[in-house]
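Participant: What follows is a predicted structure for the sequence shown.
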Amino acid sequence: MTDPSSHVFPRSIAAPPPRAVKGEGVWITDADGKRYIDASGGAAVSCLGHSEPRVIAAIKRQIDDLPFAHTGFFTSQPAEDLADLLTAAAPGDLDHVYFVSGGSEAVETALKMARQYFLEVGQPQRHKFIARNQSYHGNTLGALAVGGNAWRREPYAPLLIDTDHIPECNLYRGPAQGESPEAYGQRVADALDAKTRELGPETVCAFVAETVVGATAGVLPPAPGYFQRIREICDRHGVLLILDEVMSGMGRTGTLFACEQDGVAPDLIAVAKGLGAGYQPIGAVLVSDRMYQAFAQGSGVFQHGHTYMGHPTACAAALAVQRVIRDDHLLDNVNARGRDLMDGLRARLGQNPHLGDIRGRGLFVGVELVADRDTKTPFDPALKLNARIKRRAMANGLICYPGGGSADGRAGDHVLLAPPFIVTADDVATIVDRLGRSIDEALEEIGA
């Protein structure tokens with residue numbers, strides 16, 4: 001029941017959440033004094049944990065100097081320095097950065113940038129986007145349209161632009177009997193070639209994909225060679241490649257950009273969440289120099305914008321976050337603790353007859369649960385197993401990110417884990433224990 005004293009419009013009116021009052025390291029404390037270990041960084045946001053003093057100090061300094069200046073009139077030093085840091089580490093010729101306030105804005109910006117690019121180079125007929133089933137790219141209308149999350153799309157379907165979708169790359173559910181991961185990756189990548197030819201290559205603007213699929217499917221790393229094949233197909237047809245690393249990027253998978261591990265460089269890449277670690281709202285689109293030069297030598301203007309883009313305080317926060325990650329060598333910890341997390345989950349859940357799959361990269365891990373392990377049959381969605389796991393986890397002092405529809409958009413239950421990069425081996429053991437207990441309790445609830 002909604003708190004009658006609150007005027008906040010909560011995400012869930014039927015079940016408003018507890019009130020958080022304190023964050024410290026990997027822990028959040030609510031108004032009743034209960035402590036929760038943050039095993040998902042909220043929604044894979046809080047990569048540095050809570051109340052990192054160096055980031056807070058950087059925010060305070062920037063507020064003292066210049067809280068805000070509109071990008072229609074000024075740039076700022078934090079924006080310039082953050083762009084330098086990101087482009088120096090980015091793959092390929094991603095040499096320019098457009099700052100926004102979050103992930104949905106970043107994807108929306110990338111879509112519009114791709115469309116205007118083809119206007120700039122004299123190919124106005126290219127306006128179609130291809131994306132994948134079982135994907136999520138944001139809640140603004142353009143981002144929602146390219147996304148393949150059926151539940152999120154359904155209420156707004158009449159408002160969405162027409163987009164085309166191809167099958168996702170799912171190493172747990174997709175390969176045929178005896179098919180190698182490499183062969184499977186090539187096969188599902190070739191669906192992009194077929195769809196592009198079907199639509200007419202001269203009409204296709206861009207292909208949009210999460211490098212590692214996040215919330216909709218419960219962390220799906222690509223098959224070996226998949227994105228290299230995707231890059232070849234895009235180049236063959238003159239189609240732009242947009243990678244969405246809003247959730248998987250900025251070190252979450254063990255490298256600053258997730259696509260580094262796949263040996264590809266996109267034309268545009270969207271980042272957010274781990275960029276600012278939740279200390280300020282920020283997202284960004286990294287843009288290839290080839291695209292940037294088309295704008296520079298053409299109209300000279302990107303016909304787009306948001307009030308808070310390039311926000312100096314947000315950029316100062318993100319710059320401090322990225323410097324802490326670099327200076328403290330936290331990506332080493334991401335990889336080491338990621339191995340601990342995978343090993344711990346396999347030991348704790350491996351014999352559970354309802355464990356379907358444990359998968360991930362770095363500190364980005366998904367656990368998929370099934371009614372039948374041999375056939376991979378998901379639970380009846382009416383049982384709402386993922387929601388039960390979340391309730392049990394909160395009761396057990398664990399913040400995790402369960403979701404549904406991971407099998408086909410309607411059925412399928414998973415839990416996404418994305419703990420802060422500062423997590424210790426002891427913290428990982430606590431996460432594994434509390435998640436295992438929560439899953440056991442939720443399965444008992446439904447009589448499994």
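Facilitator: Here it is on my side, so go on. Just so we're clear, the structure is a prediction, and the values are computed from it rather than from any experiment.
Participant: Figure out the helix or strand that residue 230 lives in.
Facilitator: Using DSSP states H and E, the element containing residue 230 is helix 226-237.
Participant: Mind listing residues that contact the very next helix or strand once past that helix?
Facilitator: Using DSSP H and E, the helix or strand that follows helix 226-237 towards the C-terminus is strand 240-244. For strand 240-244, the surrounding residues in contact (CB atoms under 8 Å, 6 or more residues apart in numbering) are 103, 107, 110-111, 114, 117, 135, 137, 205-211, 230-231, 234, 258-259, 264, 266-270, 291. Where C-beta positions appear, they are placed from N, C-alpha and C, glycine not excepted.
Participant: tell me how far strand 240-244 is from the chain's mean position?
Facilitator: 14 Å (CA atoms, centre = their mean, to the nearest Å).
Participant: And stretch 342-353, by the same measure?
Facilitator: Chain-centre distance of stretch 342-353: 25 Å, with CA atoms, centre = their mean.
Participant: rounded to a whole number, what's the mean pLDDT of it?
Facilitator: Average pLDDT, stretch 342-353: 97.
Participant: Can you find the helix or strand in the chain with the smallest mean pLDDT?
Facilitator: Ranked by mean pLDDT, DSSP states H and E, the helix or strand of the chain with the weakest confidence is helix 150-153, at a mean of 89.
Participant: Show me what it is in contact with.
Facilitator: Under the criterion CB under 8 Å, 6+ apart, residues 136, 139, 144-145, 147, 160, 404-405, 409-410 lie in contact with helix 150-153.
Participant: ok, and the most crowded of those residues?
Facilitator: Among those, the one with the most neighbours (other CB atoms under 10 Å) is residue 147, at 28 neighbours.
Participant: Check the spacing between that residue and residue 296 real quick.
Facilitator: 31 Å (CB to CB, to the nearest Å).
Participant: and what of residue 351?
Facilitator: For residue 351, the distance to residue 296 - CB to CB - is 59 Å.
Participant: Which of those two has more residues huddled nearby?
Facilitator: Neighbours were counted for residue 351 and for residue 296 using other CB under 10 Å; residue 296 has more, 12 against 8.
Participant: Helix, strand, or coil at residue 161?
Facilitator: Classification of residue 161 by DSSP: H, G, I helix; E, B strand; the rest coil places it in coil.
Participant: Can I get stretch 173-181 as PDB, trimmed to CA atoms?
Facilitator: Provided in PDB are the C-alpha atoms of stretch 173-181 (Å, rounded to 0.1, in the frame of the first residue of the first chain):
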ATOM      1  CA  ARG A 173      19.200 -21.500 -25.700                       C
ATOM      2  CA  GLY A 174      20.200 -20.900 -29.300                       C
ATOM      3  CA  PRO A 175      22.700 -23.500 -30.600                       C
ATOM      4  CA  ALA A 176      21.400 -26.500 -32.400                       C
ATOM      5  CA  GLN A 177      22.500 -30.000 -31.200                       C
ATOM      6  CA  GLY A 178      26.200 -30.400 -31.800                       C
ATOM      7  CA  GLU A 179      26.600 -26.800 -33.100                       C
ATOM      8  CA  SER A 180      29.800 -25.100 -31.900                       C
ATOM      9  CA  PRO A 181      29.600 -21.700 -30.300                       C
END
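Participant: phi, psi of the closest residue to residue 34 other than its chain neighbours?
Facilitator: Distances taken as CB to CB, 6 or more residues apart in numbering place residue 397 nearest to residue 34, at 6.6 Å, with adjacent residues excluded. Here is the backbone geometry of residue 397 (degrees, to the nearest 10): phi 80, psi 40.
Participant: what's near enough to touch residue 397?
Facilitator: Per CB under 8 Å, 6+ apart, neighbours of residue 397: 34-37, 434.
Participant: would you list those residues in JSON lines and tack on secondary structure and pLDDT?
Facilitator: Below are those laid out as JSON lines (DSSP: H, G, I helix; E, B strand; the rest coil; pLDDT from 0 to 100):
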{"residue": "34", "secondary structure": "coil", "pLDDT": "98"}
{"residue": "35", "secondary structure": "strand", "pLDDT": "98"}
{"residue": "36", "secondary structure": "strand", "pLDDT": "98"}
{"residue": "37", "secondary structure": "strand", "pLDDT": "98"}
{"residue": "434", "secondary structure": "helix", "pLDDT": "98"}
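Participant: Any chance of a ChimeraX selection covering the buried ones in these?
Facilitator: Listed next is the ChimeraX selection for buried residues among the contacts of residue 397, using 16 or more other CB atoms under 10 Å:
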select :36,37,434
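Participant: Helix, strand, or coil at the closest residue to residue 311 other than its chain neighbours?
Facilitator: Distance criterion CB to CB, 6+ apart; nearest residue to residue 311, sequence neighbours excluded, is residue 68 at 6.2 Å. When classified by three-state DSSP, residue 68 comes out as coil.
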